[in-house]
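K.L.:
Got a sequence here, can you build the structure:
(2 chains)
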Amino acid sequence: MGMLMSSGMLHDGVLHDGGSAATLALLVPVVVPALAAGLAAVLGWRRWVAWSAVVASAAVLVAGVVAAFATVDGSTLAVGSLLRADALTAVMLLVIGSVSVIATWASVGYIDGELKTQTTTARGARRYGILVPLFISTMASTVLAANLGVMWAGIEATTIVTAFLVGHHGGRRAVEATWKYVIICSVGIALAYLGTVLVYYASQHSGGAGGREGTLDWTELVAHADRLDPGVMRIAVVLLVLGFGTKVGLVPLHSWLPDAHSEAPAPVSALMSGVLLSVAGYALLRYRVIAVSALDPAFVRTLLLVVGIGSVLFAASMMIAQRDYKRLLAYSSMEHMGLVAIGMAVGTPLAIAALLLHVLGHGLAKAVLFCASGQILELTGTTRMGRVRGLLVRRPLLAGVFALGIAALLGLPPFSLFVSELGLARATADAGLAWVVGVALVLLLVVFVAIARPVAGMLFGPHDDAEDGGAATSRVARPASSTVPLVLGLVALVVIGVATPLDGLLESAAAIVVTR
Amino acid sequence: MSAAVSTQLLDVLSGAILLTAVLTLWRRDLAAIIRLLAIQGVLIAGLALLLGINEHSIELYLAALGVLILKAIVLPTILRRVLSDSGEVRETAPLVNVTSSLLAAAGLTLLAYVLSGPLVALAPSAATRALPVGIAVVLLGFFMLVTRRRALSQVIGFLLLDNGITTTAFLATSGVPLVIELGVSLDVLLVVLVLQIVAARMRMAFGSTDLDGLSGLRD
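P.N.:
Numbering: from 1, shown residues only, chains lettered A, B, ... in the order given. Predicted coordinates:
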């Protein structure tokens, strides 16, 4: 770390030291999950080691809350010139922390179940125990990075860490999903790197005749953004949207997403869909601030609208005839990220606040749904929606959680996605983009039918006990306690939707993105 | 070193980097392609060294050394190991044949010149005037990635793309900050190691690394 600071390449921005407690809050999300990973590396998979990952996730959440209180007034926390946090970072830490708690909690029973049925080995379980907390740590360092180069490295690191999580189950399908995931995401992220290099190049020549040293420090770049060369920035922004968009699951480099989400273990899918996509979206949000002031805002808006609407359109068309519930959920993530991209395109304070709330709501809903779908898979042994029937009769609690999660995902009140989707629609209409609202509404209606119809079949359809006969009894049915984290997720969704405790924080975060 | 000589050297090096990229599309023998990639690594290291001499920058010397070790020695060694494990010595079935590939390469190089117009215009100098070469190598790498059907060829396409980006970074900015350069190099190395393991699993599961076998996951 000393080397980084003395190299003079990572400049100090305008820093307000918020005291040692807040400083500590910035280190926790990076360090504590890494420690949990270390425990798993040394001791292998044990129950209390698995619980330590849950504790580490809770620590990330607490750090997010501390950061939120410290930054809600618009101030910035910093550790040296490496880590910084403002209200936007705090929102992302809350997303990472809350989804991670659900996912790691569900992982305890998930891996225990796999070990019991011998679908994984002690070695596989240990690797899982190492990689999941590392994954959380890399995502936290991405949102805390003060430097856009470090932020890029964080996102790339998530690809490396999750590669073997996607391939956890082994076999042909997992290998195929892993290969596509690593190749496509690496290429996408390489394009984002080229974009980063070009931003650095533009910053080197932003000082007029005298020239100045280049920088990738976000605060400094934002301060000088209007002096960056538009010709270079236009190419850079296209590359960045394409590159980080790959990781967000936006068109055109999205094809890894359904495969990776459907093959990964359920809690990992929850983390990928619920947080990883939006962490990459966070990178776009940071670059958007620079882009709109360096370029014609209309160019940035058009670009984001094209990928946003394109993603929703593609996702909706793939969901219509979908037969696999995990893939259905994966495409739904793509649809929601498309909505987030549209929110970014609109870019008014209301739109940004709504999209951040949407990211949190979507993360929680997807965490609940993917973890529940993992239990449904264990129970029924199939991911085909047509073969899952009468869930409500067979496992009322699990089915209830799944149904409520779907209701939240579809944007029904009282869940927070209702509020955020309404906010997004209003902001888009206010910005004079009523036609976008129209298109999105039609597509969302298609999605509604595409999800609600097969899910109704899964819940209420006539179930013939003789059909799966003896096989069903040998399947693992988890104890009712396994639904506790999922119920907590649903409760959080309602609280955020009804009591709106985050409004102040979201407003501060939106102000960071908009007013420069 | 006089400015004229160093400009000429710079042009020769950039030209050679582009040439090696085009040749990788021409050859079908995977061992030869890996050799070309190693040569390209040496050339990029030479480019960094030359820029370092011009700017008297210790950081660029270090970057040159790092590039040499990684791109000319470590990565080709890993690729050779994958090659000898797989026993598949030729790219048997590219989606686009060699003649069309070379024609496409010419087209992509032209496209690179068009695209990098604004980049050169920002700060015209001997180094930035060679920028289209970096962009062209990126495009050629992308082309290889989408038209080849062997796992190893795709990894090579990815590395070609990365070489193009490294070249662009050196030519445009005289290298990004060393810390970030280090992070990127580590990432590339790890990605290749991950892909090596996945390719080995692929051979166990499918019996070959022909990517046409990857068709189990679709809607």
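K.L.:
The closest residue to B:Ala172 other than its chain neighbours - how many residues pack around it?
P.N.:
Spatial nearest neighbour of B:Ala172, excluding adjacent residues (CB to CB, 6 or more residues apart in numbering or on different chains): A:Tyr201 at 4.3 Å. The way it works is simple: take the backbone N, C-alpha and C, and place the C-beta from them, glycine included. Using other CB atoms under 10 Å in any protein chain shown, A:Tyr201 is surrounded by 28 other residues.
K.L.:
my read: A:Tyr201 touches B:Ser125, true?
P.N.:
No. Contact criterion CB atoms under 8 Å: A:Tyr201 and B:Ser125 do not qualify, at 11.9 Å.
K.L.:
Now chain A against chain B: closest residue?
P.N.:
A:Gly231 (3.0 Å; CB to the nearest CB).
K.L.:
and that residue, what element?
P.N.:
Secondary structure from DSSP states H and E places A:Gly231 in helix A:230-248.
K.L.:
Closest to the centroid, which residue in chain B?
P.N.:
B:Leu160 (2.2 Å; CA atoms, centre = their mean).
K.L.:
Show the contacting residues for that residue.
P.N.:
Applying CB atoms under 8 Å, 6 or more residues apart in numbering or on different chains to B:Leu160 gives the contacts B:Ala21, B:Thr24, B:Leu37, B:Gln40, B:Val137, B:Leu140, B:Gly141, B:Met144.
K.L.:
thinking again about what came up before, what are the neighbouring residues in contact with the residue of chain A closest to chain B?
P.N.:
A:Gly231 neighbours (CB under 8 Å, 6+ apart): B:Gly117, B:Pro118, B:Leu119, B:Ala121, B:Leu122.
K.L.:
Select only the buried ones of those in PyMOL?
P.N.:
Selection of the buried residues among the contacts of A:Gly231 in PyMOL, burial being defined by 16 or more other CB atoms under 10 Å in any protein chain shown:
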select buried, chain B and resi 119+122
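K.L.:
Which of the contacts of A:Gly231 fall in helices?
P.N.:
B:Gly117, B:Pro118, B:Leu119, B:Ala121, B:Leu122 (DSSP state H).
K.L.:
I figured the third one hits B:Arg129, correct?
P.N.:
So the one you mean is B:Leu119. No. Applying CB under 8 Å, one finds B:Leu119 not in contact with B:Arg129, separated by 10.0 Å.
K.L.:
that older thread, quick check: the farthest pair among the ones in helices among the contacts of A:Gly231?
P.N.:
Taking CB to CB as the measure, those span a maximum distance of 10.1 Å, between B:Gly117 and B:Leu122.
K.L.:
what sits against A:Val161?
P.N.:
A:Leu131, A:Leu134, A:Phe135, A:Thr138.
K.L.:
mind listing which of these are in helices?
P.N.:
Per DSSP H, the contacts of A:Val161 map to helices at A:Leu131, A:Leu134, A:Phe135, A:Thr138.
K.L.:
Excluding covalently adjacent residues, which one is nearest to the last one?
P.N.:
To tie it back to what came earlier, the one meant is A:Thr138. A:Ala157 (4.4 Å).
K.L.:
Span of stretch B:112-129 from start to end?
P.N.:
Distance across stretch B:112-129, first residue to last, is 12 Å (CA to CA, to the nearest Å).
K.L.:
and it, how far from the chain's centre?
P.N.:
20 Å (CA atoms, centre = their mean, to the nearest Å).
K.L.:
So which other helices or strands are in contact with the longest helix along chain B?
P.N.:
What stands out as the longest helix in chain B, according to DSSP H, is helix B:178-206. Secondary-structure packing of helix B:178-206 (3 or more CB pairs under 8 Å, 6 or more residues apart in numbering or on different chains; DSSP states H and E): helix A:148-166, helix A:171-204, helix B:58-67, helix B:75-86, helix B:151-173.
K.L.:
which stretch among those helices comes nearest A:Thr117?
P.N.:
helix A:171-204 (15.2 Å).
K.L.:
is chain B contacted by whichever helix or strand comes after that closest one?
P.N.:
Per DSSP H and E, the first helix or strand lying C-terminal to helix A:171-204 is helix A:218-223. No. Using CB under 8 Å from any CB of the partner chain, helix A:218-223 stays clear of chain B, coming no nearer than 13.2 Å.
K.L.:
got a list of what the residue nearest to B:Ala172 touches?
P.N.:
Contacts of A:Tyr201 by CB under 8 Å, 6+ apart are A:Gly214, A:Val232, B:Leu119, B:Leu122, B:Ala172, B:Thr173.
K.L.:
my guess is the fifth one meets A:Val197, correct?
P.N.:
Yes. In this structure B:Ala172 lies within contact range of A:Val197 using CB under 8 Å: 6.6 Å.
K.L.:
ok, these two, which is more surrounded?
P.N.:
Neighbours were counted for B:Ala172 and for A:Val197 using other CB under 10 Å; B:Ala172 has more, 31 against 28.
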